[in-house]
Each structure stands twice: as structure tokens, then as C-alpha cells.
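Visitor: show me the folded form of this:
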Amino acid sequence: MPPAAQPAPAPPARDGAERAPRNPAEIAALEEQKRAFLRLVSHELRTPLNSILGFSEILAGELYGPLGAPQYKEYAEIIGASGKKLLKLVNQVLEIGRLEGIKLDVRPELLEPAFDDAIAGAEADFKASGVRVRIVSHGPLPPVLADPWGLRTVFTHLLQNAAQFSPAGGEVRLRAEAASDRVDVFVEDDGEGIDPAELPRLMRPFEQGENALVRRSEGSGLGLTICESTCRAMGARLELVSAPGKGMSAHVRLRIA
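Guide: Presented below is the predicted three-dimensional model:
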């Protein structure tokens, strides 16, 4: 009588399929490796980008004499503009990696200087899109608990996003309202707006509010992700409100110092 057939050995588990859950120390080590990788990559990318930007500016300005055909100057300007876009993306990716799992240095901060700095930081975006920005009149605002860099980063990104999605000739409004225990800051635009069901998706990295094949705006889709992570890291809260044809309102809730 032939021996009974033995069951075939189970195929080896794919790498990681049967891995036990990592302990907190392993998770922390992996997170630090990821941040170190992002720092290294950003440095290695920014170093040649600085040369590209510098030399393209020299060529576009014809500092050492005429280039000859006018197309050369145009191409140098395109190289410079493309380099700036890539540098912005590199910096945003690095920001996201730096913000993961940290708490920022929270201290009493005045809002008015942060508003002015954010408007100055987004000035080029407003000029490029033909959109104006207006600070809505408000009463005296108390100091809020925030990180100085984080506060300006959030407002700058929100203003840039609003300018990007506003129609030419439109207006972006920056207003603030003080409550008993907080200050609510709103950045409102006159854009087309989106379905409220789409709003959570905008908080994820590399997402945009328009179809990627037909959208008229450029960008990495990281601005709102950075805003949300920065707010969380300094104990603030970011909410988006929108509807088709109603524009978008970004609401930042900050604690009073």
C-alpha cells in the first residue's frame, strides 16, 4: 500500500506578511530614518538647484554680455522658473517630514505681524493670478498660543492656495474674530468651490481640488497638508468649508494665550 501523500509545504510568507507588530522603539527608529532620508535627499537636490537658479539668473540677465539669439534668454528664464518650482516642492516635502510627530515651540504671538508677513510671502502669487487680498476690519485681537514660524507658514500657504484658485480680478479676504477662549482666523476666496465630500481628500499629500487632467492650476498639492500638520503640531485646528459655486473658507482656530 503506497504511503499516504504528505501535504505540500506552505509557501513562505511574503516579506513582512507575518511580521509581528513593531514596538514603539522600532517605530521611532523608522521615523527617524525617514526624516534623515528626507534631509539627505533635500540637501542633495537643493545644492545643484541653487547652481541652476544662480546661473539661469546670470544668463537671463545677460550679465556677461548678449547671448545672441533672443530665444536663449527666454530659455534661461524658463530654466529659472522651473528650478524655483522644483525647489519649492523639495522644501514642502522636507516640511512634511519634519512636522510628523513633533510639537512646535508654542508661545504667545500677535496675529497682526503674522498677517503682514504672510501677505508679503504670498505677494508673488497674488500678482501672478491677478487677485487682490484684503484684511477685513476687526477689533483688537489678543495674543494667541502659536509657534512663530508655524503661524506664518499656515497663513502663507492658505493665502497662496486661495490666490491660486480665485478667478482673475477676484478677492481673498483674511479676517479674524476673537471669542472667549480662542481666535478664529478665516481665509476666504471667490473660487469655484468644491463638493464638501471632497474636502477631507484635500488634506492628503499630493491632492488637488480639480481633476489632474483638466485643472488650470499648478502645484504639488502639499500646501493644505502642511497647514493641517502645522496646526496640529502647535495645538491649533484647521477646518475647510466649501460648496460648488461658493468658494472656499479655511478656518484656523487658535487658543488665546
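
Visitor: over to the closest residue to G121 other than its chain neighbours. Which of the three states is it?
Guide: Using C-beta to C-beta, 6 or more residues apart in numbering and skipping the chain neighbours, the partner closest in space to G121 is T156 (4.1 Å). C-beta coordinates here come from the backbone N, C-alpha and C atoms, glycine included. Assigned with DSSP: H, G, I helix; E, B strand; the rest coil, T156 falls in the helix class.

Visitor: how many other residues sit next to T156?
Guide: 21 (other C-beta atoms under 10 Å).

Visitor: ok, which stretches of the stretch 1-150 of the chain are strands?
Guide: For the stretch 1-150 of the chain, the strands defined by DSSP state E, counting those that start in this stretch occupy 107-109, 132-135, 144-146.

Visitor: which one, of the ones you listed, ends up nearest to L49?
Guide: Closest to L49 of the strands of the stretch 1-150 of the chain, according to C-beta to C-beta: strand 132-135, at 28.9 Å.

Visitor: related to what we said a few turns ago, okay if I get the strands of the stretch 1-150 of the chain as TSV plus mean pLDDT, mean neighbour count and distance to L49?
Guide: As requested, these are exported to TSV (pLDDT from 0 to 100; neighbours: other C-beta atoms under 10 Å; distance: least, C-beta to C-beta, whole Å):
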stretch	mean pLDDT	mean neighbour count	distance to L49
strand 107-109	95	14	32
strand 132-135	92	15	29
strand 144-146	95	24	31
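
Visitor: and stretch 152-166, how far out from the chain's middle?
Guide: 9 Å (C-alpha atoms, centre = their mean, to the nearest Å).

Visitor: scratch that, stretch 188-202
Guide: Distance, centroid of stretch 188-202 to centroid of chain: 16 Å (C-alpha atoms, centre = their mean).

Visitor: any idea of the mean pLDDT in it?
Guide: Mean per-residue pLDDT for stretch 188-202: 87.

Visitor: got the buried residues for that stretch?
Guide: Buried residues in stretch 188-202, counted by 16 or more other C-beta atoms under 10 Å: E188, D189, D190, G191, E192, G193, I194, L199, L202.

Visitor: now, which of these sits nearest L224?
Guide: L202 (5.2 Å).

Visitor: how close does the closest one get to P48?
Guide: 32 Å (C-beta to C-beta, to the nearest Å).

Visitor: separation between the residue most central in space within the chain and A69?
Guide: When C-alpha atoms, centre = their mean is applied to the chain, the residue found nearest the centroid is G223 (2.0 Å). G223 is 38 Å from A69, where distance means C-beta to C-beta.

Visitor: pLDDT below threshold where in this structure?
Guide: Along the chain, segments meeting pLDDT under 70 span 1-21, 31, 35, 97-102, 205-221.

Visitor: now the helices for the stretch 51-200 of the chain?
Guide: Remark: helices assigned in the stretch 51-200 of the chain by DSSP state H, counting those that start in this stretch are 70-99, 111-121, 123-129, 148-164, 199-202.

Visitor: deepest-packed of these, please.
Guide: Of all those, helix 148-164 carries the top mean neighbour count, a mean of 24, counting by mean count of other C-beta atoms under 10 Å.

Visitor: quick revisit: so of the buried residues of stretch 188-202, which ones are in strands?
Guide: E188 (DSSP state E).

Visitor: and the buried residues of stretch 188-202 as JSON lines, adding distance to E228?
Guide: Listed next are the buried residues of stretch 188-202 as JSON lines, based on distance: C-beta to C-beta, whole Å:
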{"residue": "E188", "distance to E228": "18"}
{"residue": "D189", "distance to E228": "18"}
{"residue": "D190", "distance to E228": "23"}
{"residue": "G191", "distance to E228": "19"}
{"residue": "E192", "distance to E228": "22"}
{"residue": "G193", "distance to E228": "19"}
{"residue": "I194", "distance to E228": "16"}
{"residue": "L199", "distance to E228": "11"}
{"residue": "L202", "distance to E228": "9"}
